[in-house]
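Trainee: can you look at this prediction? I've put the sequence above it.
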Amino acid sequence: MLQYPTNKYMPWVVVGMVIFLQSVLLFFVPRSNFVVTFSIFSLLFFGYFFIIKKETIFSFTFCIALAILLRLLALFSLPALSDDYFRFIWDGKMTLLQVNPFQYTPQEYLQIHGSDVYLRHLFDNMNSQKYHTVYPPVMQYIFTLAAYIGGSNEWLSVVVMKFFIVAAEAGSMRILYLLAKKKNIDPRNILWYLLNPLIITEISGNAHFEGILIFFFAVFLYLLLGKKVLLSAVFFMLAVCTKMIPLMLAPLMIRYIGFKKAVMFGIVAVATGVLLFLPFIDKTLIAGMSNSLRLFFHLFEFNASVFYFIRWVAYFFVDFDVIEEVAPVLGIISFIIILAISFWSSNKINFIEKCLWIFAVYLLFSTMVHPWYSSILIMLAALSSFRFPVVFSLLVLLSYFPYSMAVYNEDNGLWLIAIEYSIAFSFTIYEILQHTKNRAALF
């Protein structure tokens, strides 16, 4: 007698659990509480899979409404799992003070110009005090507006930034739906991105601008696949000027649209980029940004895969961290593989899948892989038949373990990183073998 009501109401209990736990994670759980954070994420992923798979109970329209609701909840929370927003507001304040945000490191600015109380507060809480900003102009414009509206209220500044991110995510919902229809993919597949707990928490909740990057990138894909090459170039550069990662697709563009069209594409893209960067162009821009990018790729380490394995082997032979020697080599290897993927002629691999593998290779050889970096992989996976980025989106949260220690030391959690990538690699290889088998049966 108890079985019927359990089956009848259980789906809605799961939905209620997802809404409740997502709210708790957004508003009440600090990054330092790893056990609670990962436990909640695990339950959210259970609900995520359950809701997507139960399509006879949860309609596509209902799922879209739930995705919107969860993002609206995230709109009003102060980021609990990231402190990047302090630097975002700082950059906006610099522009309001008519200081080029690329000119000084925060430490240099305070040493030269002194500080008011709010700037000192931002400085004391940011994680990049000694580095020039690496955030491109689209982000800088939003930082400036957020700092202007928020004044000395950091929560209000964050809400303004999140408004743009959530609006972009809403736009992505529509564009991803259109892309799915264009590619003859079941539109329900895009829920793998839209309902993903990592996406909701890290992008809408923690104010990471991959949400805006993905909107521009999705529009770029839609226009490109619709043969609107020049207009797609504008959105490609808007994506680059939000986060620079799409630049690595340049070789693929040459292969996909041909050299002549690629030249026109490049001219339009560069012109768009120059216009966006124009207010920030001075002699300090290139020097400051390139220096910070060099540090970012050659000195910073977090949740790496191939690099951590090489570093572990190197410790048997040398007594220092080999990142400065190894990182450039990994970058070259990554570039060579990306070129191979880009120019490898195969009618069995479409443009979106090639983008997926290019970004996957980039993260594979990176020395720093924050959880939200996987967001573009999850979006591309939703438009393909691969699901390894979805699996990785849960496993990557193991990287938060070091934040639970009194003194941050990622080396104490390397066993979790090993588990993370072992499972991720195993599932990826499994999917590749399955796809190879299925495609061989078709040809």
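Mentor: Received the coordinates, thanks.
Trainee: mind listing what's buried along stretch 394-406?
Mentor: 394, 395, 396, 397, 398, 399, 400, 401, 402, 403, 404 (16 or more other C-beta atoms under 10 Å). Quick note: C-beta positions are derived from backbone N, CA and C, even for glycine.
Trainee: and residue 278, what is it in contact with?
Mentor: By C-beta atoms under 8 Å, 6 or more residues apart in numbering, no residues touch residue 278.
Trainee: mind checking how far it is from residue 212?
Mentor: Noted for residue 278: a distance of 20 Å to residue 212, by C-beta to C-beta, to the nearest Å.
Trainee: kindly report the same for residue 151.
Mentor: 23 Å.
Trainee: quick one, which of the two is more surrounded?
Mentor: residue 212 (25 against 12; other C-beta atoms under 10 Å).
Trainee: now do the SS call for the more buried one.
Mentor: helix (DSSP: H, G, I helix; E, B strand; the rest coil).
Trainee: what's the first helix or strand after the worst-scoring helix or strand of the chain on mean pLDDT?
Mentor: Least confident helix or strand, the chain: helix 283-298 with a mean of 66, by mean pLDDT, DSSP states H and E. Using DSSP states H and E, the helix or strand that follows helix 283-298 in sequence is helix 306-314.
Trainee: which strands and helices lie in contact with that following helix?
Mentor: Contacts defined by 3 or more C-beta pairs under 8 Å, 6 or more residues apart in numbering; DSSP states H and E place helix 306-314 against helix 323-343, helix 414-442.
Trainee: give the buried residues for it.
Mentor: Neighbour-count burial for helix 306-314 [16+ other C-beta under 10 Å]: 306, 307, 308, 310, 311, 314.
Trainee: find the nearest non-adjacent residue to the last one, please.
Mentor: Closest residue to residue 314 apart from its sequence neighbours, by C-beta to C-beta, 6 or more residues apart in numbering: residue 322 at 4.5 Å.
Trainee: the one you found and residue 420: what is the separation?
Mentor: 22 Å.
Trainee: compare the two (neighbour count), which wins?
Mentor: residue 420 (22 against 16).
Trainee: which residues does that one contact?
Mentor: Contacts of residue 420 (C-beta under 8 Å, 6+ apart): 303, 395, 396, 398, 399.
Trainee: so of the residues you listed, which ones are in strands?
Mentor: Within the contacts of residue 420, no residue falls in strands by DSSP state E.
Trainee: mind putting those into a markdown table with pLDDT?
Mentor: Formatted as a markdown table, the contacts of residue 420 follow (pLDDT from 0 to 100):
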| residue | pLDDT |
| --- | --- |
| 303 | 92 |
| 395 | 97 |
| 396 | 96 |
| 398 | 94 |
| 399 | 93 |
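Trainee: where does pLDDT dip in the stretch 251-400 of the chain?
Mentor: The model of the stretch 251-400 of the chain has pLDDT under 70 over residues 287-299, 345-349.
Trainee: mind running it again at 90?
Mentor: 281-301, 319-321, 323-324, 343-350 (pLDDT under 90).
Trainee: equivalent analysis for the stretch 51-200 of the chain, please.
Mentor: 80-81, 103, 112-116, 127-128, 130-132, 134.
Trainee: what is the subsequent helix or strand relative to the helix or strand in which residue 66 is found?
Mentor: Here residue 66, judged by DSSP H and E, is contained in helix 60-75. Where DSSP H and E defines the elements, the next helix or strand beyond helix 60-75 is helix 85-96.
Trainee: tally of neighbours for residue 434?
Mentor: 12.
Trainee: please give me every residue in contact with residue 249.
Mentor: So residue 249 contacts 236, 342, 355, 358 (C-beta under 8 Å, 6+ apart).
Trainee: just residue 197 next, same as before
Mentor: 22, 25, 41, 44, 45, 48, 393.
Trainee: and the closest residue to it other than its chain neighbours, what is it in contact with?
Mentor: Using C-beta to C-beta, 6+ apart and skipping the chain neighbours, the partner closest in space to residue 197 is residue 44 (3.9 Å). Residues near residue 44 by C-beta under 8 Å, 6+ apart: 18, 21, 22, 25, 197.
Trainee: burial measure for the closest residue to the third one other than its chain neighbours, as a count.
Mentor: If you skip the residues right next to it in sequence, residue 22 has residue 70 as its closest partner in space, 5.5 Å away by C-beta to C-beta, 6+ apart. If you count neighbours by other C-beta under 10 Å, residue 70 ends up with 23.
Trainee: residue 70 and residue 21 touch, don't they?
Mentor: No: in this structure, residue 70 is not within contact of residue 21 by C-beta atoms under 8 Å, at 10.6 Å.
Trainee: quick check, nearest of the buried residues of stretch 394-406 to residue 30?
Mentor: residue 403 (8.7 Å; C-beta to C-beta).
Trainee: surely that closest one meets residue 32?
Mentor: Yes: using C-beta under 8 Å, residue 403 is in contact with residue 32, at 5.5 Å.
Trainee: count the residues that sit near the closest residue to residue 284 other than its chain neighbours.
Mentor: Of all residues beyond its chain neighbours, the one nearest residue 284 is residue 103 (4.3 Å), with distances taken as C-beta to C-beta, 6+ apart. Neighbourhood size, residue 103 [other C-beta under 10 Å]: 18.
Trainee: just the one 3 residues further on next, same as before
Mentor: The tally of other residues near residue 106 (other C-beta under 10 Å) stands at 24.
Trainee: how about it, what does it touch?
Mentor: 87, 90, 122, 123, 126, 128, 129, 130.
Trainee: from residue 151, how far off is the first one?
Mentor: This points to residue 87. 18 Å.
Trainee: from residue 374, how far out is the residue lying closest to residue 371 once chain neighbours are set aside?
Mentor: With C-beta to C-beta, 6+ apart as the criterion, residue 371 has its nearest non-adjacent residue at 4.6 Å, and that residue is residue 396. Residue 396 sits 6 Å away from residue 374 when distances are taken as C-beta to C-beta.
Trainee: which residues are common contacts for the two?
Mentor: Joint contacts of residue 396 and residue 374 (C-beta under 8 Å, 6+ apart) are residue 198.
Trainee: surely residue 410 touches residue 300?
Mentor: No: judged on C-beta under 8 Å, residue 410 makes no contact with residue 300 at a distance of 11.1 Å.
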